[in-house]
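>>> Here is a sequence together with a model predicted from it:
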Amino acid sequence: MNGQRAPEAYKVAADHHHGSGVDPATHVATAATTAARRGFSRRAEVALLVLRALSLVGAVMAFSFMLTAKQSGVVSVYGFQLPVSSKWSNSSAFLYLAVMSVIAAAYSLLQLLITGSRLLKNAPVIPSRRQAWLILATDQIFAYAMVSAGSAASGITNLNRTGINHTALPNFCKALPSFCDHIAVSIAFAFFSFVSFAASSLQIVTWLSSSKS
């Protein structure tokens with residue numbers, strides 16, 4: 001009895017699609033799109049878009065504050081008042097952070113545009129596992145690059161703030177407070193960008209673990 005009803009139900013469904021004017025190929029494509037999105041909900045796709053925007057903001061702000069880090073002042077060494085000036089481009093660590101921030105911002109903007117356009121078209125943000133692995137690898141590269149650049153800049157900034165024990169090297173940040181503050185904010189945004197890249201990588205890992213092979 002059930003065996004006879006199944007073909008009848010299938011025939012009714014087929015007649016319904018035919019009568020409604022829906023192209024079978026379109027129906028198949030829609031079903032494929034739904035299957036591709038399985039394991040990555042709409043909310044997760046929007047979250048990935050937000051993370052792309054956050055990584056972009058972090059990288060842009062890191063570069064902006066680094067670019068404006070420059071100041072002149074006076075320091076005291078053995079009682080002598082010496083004029084000093086500093087600029088972000090004078091340090092290779094600061095230069096490294098600035099360059100990586102620009103590259104990370106460009107990558108984040110590209111991913112933001114791609115993700116946003118796919119969401120507007122109601123298409124899967126991640127079309128395939130191969131692309132998911134590629135995005136995951138790239139996100140990891142930029143995450144490590146940002147955290148390494150931020151760490152390198154932090155070492156120089158800490159030296160500027162504390163000086164060197166048992167030497168006459170002073171605390172330059174007392175004479176150049178604006179410069180040091182800009183550097184500190186730039187480093188903070190670099191780590192913020194790192195966290196955003198790490199979070200997006202976690203999203204991709206979740207998609208890979210829940211999607212079908």
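It's in.

>>> Check what pLDDT Ala143 gets.
At Ala143 the predicted local distance difference test score is 96.

>>> residues touching the residue lying closest to it once chain neighbours are set aside, list them.
Leaving aside its sequence neighbours, Ala143 sits nearest to Phe197 (C-beta to C-beta, 6 or more residues apart in numbering; 3.7 Å). (Glycine included, C-beta is placed from N, CA and C.) For Phe197, the set of contacting residues under the criterion of C-beta atoms under 8 Å, 6 or more residues apart in numbering consists of 55, 104, 139-140, 142-143, 146.

>>> Would you map the strands across the chain?
Residue ranges of the strands in the chain, as given by DSSP state E, are 70-77, 80-87.

>>> Take the contacts of Phe197 and lay them out in a markdown table including distance to Ser186 and neighbour count.
As requested, those are arranged in a markdown table below (distance: C-beta to C-beta, whole Å; neighbours: other C-beta atoms under 10 Å):
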| residue | distance to Ser186 | neighbour count |
| --- | --- | --- |
| Ser55 | 15 | 30 |
| Ala104 | 13 | 28 |
| Asp139 | 21 | 26 |
| Gln140 | 22 | 15 |
| Phe142 | 17 | 24 |
| Ala143 | 17 | 21 |
| Met146 | 11 | 29 |
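
>>> can you map out the helices along this structure?
Under the criterion DSSP state H, the chain contains helices at 2-19, 24-37, 42-67, 92-120, 129-162, 172-175, 177-210.

>>> just so I know, which of the ones you listed lies nearest Ser86?
Closest to Ser86 of the helices of the chain, according to C-beta to C-beta: helix 177-210, at 5.2 Å.

>>> Just want the angle from that closest one to helix 42-67.
For the pair helix 177-210 and helix 42-67, the angle between their directions (axes from the mean of the first three to the mean of the last three C-alpha atoms, to 10 degrees) equals 160 degrees.

>>> Quick check: mean pLDDT of helix 177-210?
Model confidence over helix 177-210, given as mean pLDDT, is 92.

>>> Same check on stretch 63-80?
78.

>>> What residues does Gly53 make contact with?
Just so we're on the same page, residue 53 is Ala rather than Gly. Counting by C-beta under 8 Å, 6+ apart, Ala53 makes contact with 108, 112.

>>> try the one 3 residues further on
Contact partners of Leu56, counting by C-beta under 8 Å, 6+ apart, are 105, 108-109, 112.

>>> And the nearest residue to Thr138 once chain neighbours are set aside, how far from Ser200?
In space, and not counting its chain neighbours, Thr138 is closest to Tyr107: 7.0 Å by C-beta to C-beta, 6+ apart. For Tyr107, the distance to Ser200 (C-beta to C-beta, to the nearest Å) stands at 11 Å.

>>> Can you give the domain ranges for the chain?
Listed domain ranges for the chain are 1-37, 40-210 (source: automatic domain parsing).

>>> Please identify which of Tyr107 and Ser200 sits among more neighbours.
Taking neighbours as other C-beta atoms under 10 Å, Tyr107 and Ser200 compare with Ser200 leading, 27 against 20.

>>> Does the more buried one touch Leu48 like I think?
Yes - applying C-beta atoms under 8 Å, one finds Ser200 in contact with Leu48, separated by 6.1 Å.

>>> What number of neighbouring residues does the residue nearest to Leu97 when sequence neighbours are not counted come out with?
Once its chain neighbours are removed from consideration, Leu97 has its nearest residue in Ala149; the separation is 4.1 Å (C-beta to C-beta, 6+ apart). With neighbours defined by other C-beta under 10 Å, the count for Ala149 comes to 28.
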